[in-house]
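*Asks:* Quick one, what's the 3D model for this:
(chains A and B)
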Amino acid sequence: GESVGLHLPTLSVQEGDNSIINCAYSNSASDYFIWYKQESGKGPQFIIDIRSNMDKRQGQRVTVLLNKTVKHLSLQIAATQPGDSAVYFCAENFGNEKLTFGTGTRLTIIP
Amino acid sequence: NAGVTQTPKFQVLKTGQSMTLQCAQDMNHEYMSWYRQDPGMGLRLIHYSVGAGITDQGEVPNGYNVSRSTTEDFPLRLLSAAPSQTSVYFCASRIRDSSYEQYFGPGTRLTVT
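*Replies:* As a prediction, the model looks like this:
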């Protein structure tokens, strides 16, 4: 069945380096993707989204890349800071009112 | 704006008890939803509503009821609590447009013994 998953469950990055978090999806009908950040003890927080007719979208210090050929989504965080430590989720929508979430990647920043 | 608020923050129930998790938003969002989050897993949709008087099932609706009598409130009822319902519950809301940018509440941590 359709699934949204992540290549790595944990990622450790040196402070100041760039972080890349990956996500694989299997539903080729998905037309909308979102990245959420969840800090410990809090609800998820919207970071950035991208539609299937786009390959790239940039926000403040974040870039999302979409490769529809291999059904792959990535979130790049530039100049990673301690405040970026969190669990990051990708989510997809395929034309209905529902979002399907991946299992998450924990990003740890090394001082 | 307070955003999305949830009460209680923590709750312990015995098997078979019932309770209602409260969710309210003051952003006049049409769409509201309930998710559960289990350790090591992503969020799974329980129920959602696209407006007052309209609700629908998500991925894991069994054992839960919802109603939407007002735009602001979307309570989640556990009919007869089971240990498998031990989880963290999140409520979310959004404007019902082409963006799926949802605003999440702080969550309710529920333990069923």
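*Asks:* my read: A:Arg51 touches A:Ser30, true?
*Replies:* No. A:Arg51 is beyond contact range of A:Ser30, at 10.1 Å (criterion: CB atoms under 8 Å). For every residue, glycine as well, the C-beta is placed using N, CA and C.
*Asks:* Among those two, which residue is more densely surrounded?
*Replies:* The residue with more neighbours, out of A:Arg51 and A:Ser30, is A:Ser30; 21 against 13, by other CB atoms under 10 Å in any protein chain shown.
*Asks:* what's the helix or strand for the residue most central in space within chain B?
*Replies:* Nearest to the mean C-alpha position of chain B, by CA atoms, centre = their mean, lies B:Trp34 at 2.9 Å. Assigning secondary structure by DSSP states H and E places B:Trp34 in strand B:31-37.
*Asks:* Close to chain B: what parts of chain A are there?
*Replies:* Within chain A, the positions lying close to chain B (CB under 8 Å from any CB of the partner chain) are A:4, A:9, A:32, A:34, A:41-46, A:49, A:89, A:91, A:93, A:97-104.
*Asks:* Now the buried members of these.
*Replies:* Those of the residues of chain A next to chain B that meet the buried threshold are A:4, A:32, A:34, A:43-44, A:46, A:49, A:89, A:91, A:93, A:97-104, by 16 or more other CB atoms under 10 Å in any protein chain shown.
*Asks:* what does stretch B:35-48 rub up against?
*Replies:* A:4, A:9, A:44, A:89, A:91, A:97-104, B:31-34, B:55-61, B:64-66, B:76, B:85, B:87-92, B:107 (CB atoms under 8 Å, 6 or more residues apart in numbering or on different chains).
*Asks:* Straight-line length of it, end to end?
*Replies:* Distance between the two ends of stretch B:35-48: 9 Å, counting by CA to CA, to the nearest Å.
*Asks:* Go through it and flag the buried ones.
*Replies:* Judged by neighbour count using 16+ other CB under 10 Å, the buried positions of stretch B:35-48 are B:Tyr35, B:Arg36, B:Gln37, B:Gly42, B:Leu43, B:Arg44, B:Leu45, B:Ile46, B:His47, B:Tyr48.
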